Every structure is written in C-alpha cells, then in structure tokens.
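Q: Let me see the structure of the following:
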Amino acid sequence: MANLTIQNAFEEILSRYAHARTTEQFAANGLRDTFENIKQSLTASEALRKRNKLRVKWSMGQGNWAKVPWIAFLDERETDTTQHGVYCVYLFRQDMSGVYLTYNQGVTRLIQENGKPTAYKTLQQRAASIRESCQELLTKGFSVQNSIDLKADPGLGADYEPSTIAHKLYEAGKVPEDSILLDDLEIVLDTYDKYLEDPHKFKSPPGYEINSVKETTGSSLSRSFHEQISSDNVNLVLTEQSAKRLMASLLSKRFLILTGLAGSGKTKIAQAFARWITPDAGWIDDADHSKGKNPNPFYALVPVGADWTGNENIIGYPNGLDNATYVTKPALELVRHTLEPAHAATPHFLILDEMNLSHVERYFADILSAIESGEEIPLYEGDERRVDGGAVPRRLRLPENLFIIGTVNVDETTYMFSPKVLDRANVIEFRLEPDSLQSFLSSPKAPRLEELDGKGAAFGSGFVEAASDKGREVPSAVKGSYEQEMLLFFNLLREHNAEFGYRTSYESARFIHFYNQLGGYPEGNVDWFDSAMDAVVVQKFLPKLHGSRSKLEGLLWALAWACGAERIERGGKSFAVQIREASQAQDDALYGPETLWYTLSQSNPDDPAAAARYPLSFDKVMRMWRKLVRDQFVTFAEA
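A: Next up is the predicted model:
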C-alpha cells in the first residue's frame, strides 16, 4: 500500500467504494488505508510542504458510510473543519463514476442556522462573488459555473453542489497520473492562497451572518447552553441563573473571574462554555474515538505557575540567541489566532487556571491595561521576528473576540487580588449545595466535555458582535429602579470609602441589559430586575471588600440591611436613613445582621436568605459577617 500512487489510490476507491458501502462493514474497512495513503502522499507533496498552515483531512463517514466521501485541504487561517469556511476538497460522486477537485465552502453550519433555502441562496451568492478571482482556473480545465453533479441523493452530499465555487472532474478509469493531479492541485491552492490574503474583499451577501445580535443574546442562547451542560451526557451542574450570569458577565466585560471551593467545577464550566460556543475540532480518528479530539485552536487552558513574575509567560519574549525568532507561549498563540481575519467573528477563550498562584499584577498588568485602554502591547523592537514560519507583530492588539476567564482558589499558597484587578472583572462564586452533592453521590460520573463541542457554535459570531457593541443600555422599564439602586449602594459604600466609579456603573448597566435579553423577558416586564441587580451587587460591589472588623463591621451591617430588608419606612425613617443608622453598627436589636437573619427566617425557615430582596448578595454578606466575627478579618474569596 505504501507504494500506491495517488492515481491508483483514487481508482481503487472509485472501483471499490460503492460496493463496499452496501455490502461491507464500515469499521476497520481496508479503504481507510487507501484514504490515509492519499493523505500522506498529498502531505508530502511540494504543494503542501510549502504551505505550513494547510492540513489534509478525509472522511468516509462517522460510524456509517458517507455517500460522498471527501479529502479536504483546510487552511487554519480560514477554518479547521469542513462545516464552514472556504477550502479545497476532493469530492467523490455517490455512484463513484468520478472524483472532483473542487474549490468549495462549508455547508453544514449555515444550513443548521438558517435552513436549506436561505443557506443555498447564500452559498450560491458567495460562490459567485469568489468566482470573480478564479478565471485562471479555466486554463487548467476547471469549470467556474454552478454545474457540478455529484450524482447524490438528497442530503449532505447533494448540499455540496450549491456551495462549489470551481471544479474539475476526473472520471473513473481516466484519473490522470500524479504529476497532473499535483499540477491541478497547485493551481487551485494558489487561487485559495489569494483568497486567504484578504477574505473580506469577497463580501458576503446580506443574510450570510448566522445570527442577529438580538437572536444571539436572547433566551435561546442561555436556554440551549443550560440544557446541554446539565444533560446526563455531560454530567456538569450549573443552575439556569448561573448560566445567565456567566454569559451576561462575558458579554458585558471580556474578563471574568470564577472563584469558590476547590473542586467545585470552576475550570470545567469555563472549558464547557468555551468548547460549546466554538467550532468542534473533530476527532483525531473518526473510527477510533479513544485517540481523542483534535486540539481546539479557539481556546487555551493555561495553568498559572507560582514562579510567574513577569508577562513573558503570557506574551512570550524575543529570543536572545536568535535575532530572527520569537519565543511564543500558548496565550500568545491564541491571541495570534484571534487576529487572523478569517477568525474575527469567532469567540476565543483564554482560561487562566489557578490565576492567583502568583501575583496577578506582575504577569497580567499589560493585559489588564490593554483590555481597558484598547492600546497595543509592545512585544519587541527592531527587525521582524518569526515563529513557526509566521511573523510576530511588534505590538500586540487584543481583539474584541478574545474573552479571558480566570479561576481562583484561596489557601496558604495563593495571593489576594488587589481591588484594581477585581474592579476590572465580574467575579462569580461557585458553591457546592447539599442537594447537588447528594445527587452526584447517587451516581458519580466524570464530566464529558466532548459532548458539548461545537453545539453552540451557531451563536458564536453574534456573541462576539454583541460583546463588541458599546451602545447597550438598561431597558427603559427598569431604568428608574436601576438608577435608584445604584445611587443607594454608591452612597452606602462611599460612607466607608469603598465606592465604585464610572467603569463599574457602565459595566453594571451592560450586565443588566444582557441579563434581560438572555432571560427572554417580554417588553415591559420588570420581574427579573431584582435577580439581575442581585448579581451586580455580588459580582461587582462585594468582591473588592477585605479588611479587619474595625474597617468592615459597619459596612457589612449596612450591606446586610440594603440586601435583606424590605424597602419601607420604619419609625418615620426613610430607607436611606435606615442604611446610615445600620452602618454605625450600634443598634444590634434593630439593625444587627443576625437580627435581620432571624426576621427573614420567619418567612423561610429552611433558607432565610431566599426571603431577602437580594438573596445571593445577602447570603454572601452574612457569610462574610460571620467570618469577620470569628476571625476579625475577612475577604470576599473563601478557602
């Protein structure tokens, strides 16, 4: 088999495949060796060796025989899957009367998102746009008309026909020798190269974008992720409210911190969302899933080391031994991937695991500054440097489609975050509830994140578009309530020199906006506002609090009252006056946190915090208060 030419391998497939598909077992069929032999020969060819970003993939089907098998050439700058993007591919006719070399487009994702009629029209319009640059293919016998005939039954095979940009047929029994096949491949890849230089000049027709911003940030996004992550196949626990908070946080600000009990699933949930909303990288071997999945280039999980004292672990550094090269790091490679024009609409996720094992400010200051200012990060000066054949920019821009999630544990080996870091993020705390643990203990299973891969990719471009839109505002129906609550908490915190600024106000407004959209609430409905404002308080106001009892006692009393008490006059005193009196921490019988806890327990003995106006925030304030009483010092993050 090793000496089989590409020509002979094609002829073998054309002569055997149709019969094998109807009479032979799919698994371990000998034709796999033939496809793999073609892949190896093509990979070793000059056309592939000089294009280091091009990868060859093939498929006879996934578990069952494909009617139209294929061998594809995927450039990582454009796509790593045949489900979307532009690429070159050999397509075999269903009746095996021939094989086409085609310049093509992915169809699967567009059909899933828009249905066939709209998808077909879009594919044909875009093919017509790209064909304008393909006229030189005519000199090699290619057709640039919409005339390909795969002899295929309705289904995926037939769906490739409207997506084809250009094609050339090699009939069974007349496949040319390898030199001709490789010459044809070279010219079609050369045409592909020109497309990759500036894919945006081939404008997509109206309707090509997969989802509008409103659809993407609507309830279908939140509901879909929650349902799929909570399914028995995945084995992760995430409440519907937590899913909304996670997504609304990322949409409102591209930096999110997950804290909580070690082993509570913080990292897995971050990975789960990243894998769900980015394209599926596919199995290394479709017939043998034990080999695992291909690396997903749209997210990187980077464990933070205790020895990180500078930014070189994030953005790399110029090679001191070679003036022409740059020493890269996984985080930098992810950012470079986001900057590829073909990936501008796809979200990318940098997950920093155990983010506080080192001082965050030492290794992450440049990134924090770039997130806020939009300024570029200097990498090096002087002559251009390269890595793996690609140029490294002298200055690095963080694109709008990069989202950063850090996970945090607290023990004697970790460092506290400074308030200036926490002020730049949403902070979501994960806790393990007794009923969740009891459910897990009844049937303990490891999470299966591969079940989520690519399931939410249809929402990806709209997610990026929404996060990039700086014009989002608080819905008019709750605008008055929002302003009132923000001023109440501002004045409360200001009394203790812990007030927030414009940045927190702006990001809180964006969070309220997206929380509303993700919930899919009817226009004019305001029932959701308290839960959204509760999240703002616990994610944006409380995380910055840390200190001794002398510093925080009055503040925690006031916060407990603001989060737990009903907004009514008492003894002729307005609620604002009550807050000021509570902050003095003197009248325990009237304003004491435990007194308020007892009052709420009369409404809900099993969970007094659930009876509070802001349950999440009140519960957290009470835990901080009790720890302050016990230890005389408290921080938001708990061990």
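
Q: Tell me where the stretch 201-350 of the chain has strands.
A: For the stretch 201-350 of the chain, the strands defined by DSSP state E, counting those that start in this stretch occupy 255-260, 299-303, 317-318, 326-327, 348-353.

Q: If you could redo that for the stretch 451-600 of the chain, that was the one I meant.
A: Going by DSSP E, counting those that start in this stretch, the stretch 451-600 of the chain shows strands at 546-548.

Q: Distance of the nearest residue in space to Lys140 that is not next to it in sequence relative to Ala47?
A: Distances taken as CB to CB, 6 or more residues apart in numbering place Ile187 nearest to Lys140, at 5.2 Å, with adjacent residues excluded. To be clear about C-beta, it is placed using only N, CA and C from the backbone, and glycine gets the same treatment. Separation of Ile187 from Ala47 (CB to CB, to the nearest Å) stands at 9 Å.

Q: and what of Leu238?
A: Distance, Leu238 to Ala47, by CB to CB: 47 Å.

Q: List the contacts of stretch 525-533.
A: For stretch 525-533, contacts defined as CB atoms under 8 Å, 6 or more residues apart in numbering pick out 241, 248, 477-478, 481-482, 485, 511-512, 515-516, 519, 521, 613-614.

Q: what about 7 Å?
A: Contacts to stretch 525-533, defined as CB atoms under 7 Å, 6 or more residues apart in numbering, come from residues Gln241, Ala477, Val478, Ser481, Glu485, Ile512, Tyr515, Asn516, Gly519, Tyr521, Arg613, Tyr614.

Q: How about the contacts made by the fourth one?
A: Read it as Ser481. Phe529.

Q: elements contacting the helix or strand hosting Leu185?
A: Following DSSP states H and E, one finds Leu185 within helix 178-197. Using 3 or more CB pairs under 7 Å, 6 or more residues apart in numbering; DSSP states H and E, the elements in contact with helix 178-197 are helix 6-23, helix 46-49, strand 70-75, strand 86-92, strand 98-105.

Q: residues near Ala446, how many?
A: 7 (other CB atoms under 10 Å).

Q: pLDDT wise, what is it at?
A: Note on Ala446: pLDDT of 84.

Q: cool, Ser461 as well?
A: For Ser461, the model assigns a pLDDT of 80.

Q: try Gly282
A: pLDDT recorded at Gly282 is 82.

Q: what do you get for the one 3 residues further on?
A: Confidence at Asp285, expressed as pLDDT, is 80.

Q: separation between the closest residue to it other than its chain neighbours and Ala72?
A: Using CB to CB, 6+ apart and skipping residues adjacent in sequence, the residue nearest Asp285 is Lys291, 4.8 Å away. Between Lys291 and Ala72 the distance is 19 Å, computed by CB to CB.

Q: what does Ala18 give?
A: 21 Å.

Q: now Ile229
A: Following CB to CB, the distance that separates Ile229 from Ala72 is 30 Å.

Q: Grab the CA positions of stretch 122-130 and hand them over as PDB.
A: Written as PDB, here are the backbone C-alpha positions of stretch 122-130 (Å, rounded to 0.1, in the frame of the first residue of the first chain):
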ATOM      1  CA  THR A 122     -26.300  32.400   0.500                       C
ATOM      2  CA  LEU A 123     -23.800  29.800  -0.700                       C
ATOM      3  CA  GLN A 124     -24.500  30.400  -4.400                       C
ATOM      4  CA  GLN A 125     -24.200  34.200  -4.000                       C
ATOM      5  CA  ARG A 126     -20.900  33.900  -2.200                       C
ATOM      6  CA  ALA A 127     -19.600  31.400  -4.700                       C
ATOM      7  CA  ALA A 128     -20.400  33.900  -7.500                       C
ATOM      8  CA  SER A 129     -18.500  36.600  -5.600                       C
ATOM      9  CA  ILE A 130     -15.400  34.400  -5.200                       C
END
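
Q: isn't Ile165 right up against Ala127?
A: Yes - under the criterion of CB atoms under 7 Å, Ile165 makes contact with Ala127 at 4.6 Å.

Q: Settle it for me: which of those two has more neighbours?
A: Counting neighbours by other CB under 10 Å for Ile165 and for Ala127 shows that Ile165 has the greater number, 29 against 22.

Q: Now for the more buried one: which residues touch it?
A: Taking CB under 7 Å, 6+ apart, one finds Tyr103, Asn104, Gln105, Ala127, Ile130, Arg131, Cys134 in contact with Ile165.

Q: if we can go back for a sec, quick one: closest of the strands of the stretch 201-350 of the chain to Val464.
A: Distance to Val464, taken as CB to CB, is lowest for strand 348-353 among these, at 9.1 Å.

Q: any residues touching the helix holding Leu185, and which ones?
A: With CB under 7 Å, 6+ apart, helix 178-197 has contacts from 5-7, 45, 47, 51, 73, 75, 77-78, 86, 88, 101, 103, 130, 133-134, 136-137, 140, 168, 202.

Q: Could you confirm Glu400 falls within a helix?
A: No - counting by DSSP: H, G, I helix; E, B strand; the rest coil, Glu400 falls outside a helix, being coil.

Q: how much space is there between the closest residue to it other than its chain neighbours and Gln517?
A: Distances taken as CB to CB, 6+ apart place Ser468 nearest to Glu400, at 4.2 Å, with adjacent residues excluded. Taken as CB to CB, the spacing of Ser468 relative to Gln517 amounts to 15 Å.

Q: how about Asp435, phi and psi?
A: Here is the backbone geometry of Asp435 (degrees, to the nearest 10): phi -70, psi -30.

Q: and if you look at Asp286?
A: phi -60, psi -30.

Q: Quick check: closest non-adjacent residue to it.
A: In space, Asp286 is closest to Gln62, 5.0 Å off (CB to CB, 6+ apart).

Q: secondary structure element for Leu110?
A: helix 108-114.

Q: Can you give the distance from that helix to the centre of its chain?
A: Centroid separation for helix 108-114 versus its chain: 19 Å, with CA atoms, centre = their mean, to the nearest Å.

Q: Alpha carbons of it, as PDB, please.
A: Extracted C-alpha coordinates of helix 108-114, given in PDB (Å, rounded to 0.1, in the frame of the first residue of the first chain):
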ATOM      1  CA  THR A 108     -23.300  22.200   7.500                       C
ATOM      2  CA  ARG A 109     -23.300  25.100   9.900                       C
ATOM      3  CA  LEU A 110     -25.100  27.500   7.600                       C
ATOM      4  CA  ILE A 111     -27.900  25.000   6.900                       C
ATOM      5  CA  GLN A 112     -28.300  24.300  10.700                       C
ATOM      6  CA  GLU A 113     -28.600  28.000  11.400                       C
ATOM      7  CA  ASN A 114     -30.700  29.200   8.500                       C
END
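
Q: Which strands or helices does the helix or strand just after it pack on?
A: Under the assignment DSSP H and E, the closest C-terminal helix or strand after helix 108-114 is helix 116-131. Packing contacts for helix 116-131, counted by 3+ CB pairs under 7 Å, 6+ apart, involve strand 98-105, helix 108-114, helix 156-163.
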